[in-house]
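Colleague: Here is my input, please return the structure:
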Amino acid sequence: MIIATRILKALLKSGQWADVRLQLHLPTMSGDEWECTYEIDWPSDGWPARTVKGRAVGSDALHALQLGIQKLGVELHMTSYHRERKLRWGDWNGYGIALPKEGRDLMQGDDAKFYG
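Modeller: Below is the predicted model of the structure:
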């Protein structure tokens, strides 16, 4: 079950902006751990141009949710869209997703200001 969605914009090679849909799913029990899955739907413009699916595992639902959000954020920050500053979320200068401490040097703009 999807519990959160965010739409980012990516600047394509054509010069047009296209939607990048982020979806976060409700944490569920997986054995004796909790699992939170997410998806990033990239536009057709070369790599990655596909749906990236990921998961995070935590000791309870809140832990899995927190790790899922952070892992989704790391995925965004590892793309060429981020490195080339071709990804945005509305008027916010960044994506509005805090990264784990080890990845905060990747954040730019408002994300670095408020989450760094």
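
Colleague: right, and the helix or strand after the helix or strand hosting Arg88?
Modeller: Under DSSP states H and E, the secondary-structure element containing Arg88 is strand 87-88. Under the assignment DSSP H and E, the closest C-terminal helix or strand after strand 87-88 is helix 109-115.

Colleague: could you give the mean pLDDT of that next one?
Modeller: Mean per-residue pLDDT for helix 109-115: 92.

Colleague: mind listing what Ile69 touches?
Modeller: Leu24, Tyr38, Ile97, Ala98 (C-beta atoms under 8 Å, 6 or more residues apart in numbering). (Each C-beta comes from the backbone N, C-alpha and C, glycine too.)

Colleague: for Leu76, same thing?
Modeller: Leu8, Leu22, Ile40, His82, Leu87, Tyr95, Ile97.

Colleague: Mind doing that once more with 7 Å?
Modeller: His82, Leu87, Tyr95 (C-beta atoms under 7 Å, 6 or more residues apart in numbering).

Colleague: cool, His25 as well?
Modeller: Taking C-beta under 7 Å, 6+ apart, one finds Met1, Ile2, Ile3, Cys36, Thr37, Tyr38 in contact with His25.

Colleague: hey, C-alpha coordinates of the helix of greatest length in the chain in CSV?
Modeller: Counting residues, the longest helix found in the chain (DSSP state H) is helix 61-77. C-alpha atoms of helix 61-77 as CSV (Å, rounded to 0.1, in the frame of the first residue of the first chain):
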residue,chain,number,x,y,z
ALA,A,61,7.8,-0.2,11.5
LEU,A,62,9.1,3.3,12.3
HIS,A,63,12.7,2.2,11.9
ALA,A,64,11.9,0.6,8.5
LEU,A,65,10.1,3.7,7.4
GLN,A,66,12.9,6.0,8.4
LEU,A,67,15.5,3.8,6.6
GLY,A,68,13.3,3.6,3.5
ILE,A,69,13.0,7.4,3.2
GLN,A,70,16.8,7.8,3.7
LYS,A,71,17.6,5.0,1.2
LEU,A,72,15.3,6.6,-1.4
GLY,A,73,17.1,9.9,-0.8
VAL,A,74,20.5,8.2,-1.3
GLU,A,75,19.2,6.7,-4.6
LEU,A,76,18.3,10.2,-5.9
HIS,A,77,21.6,11.7,-4.8
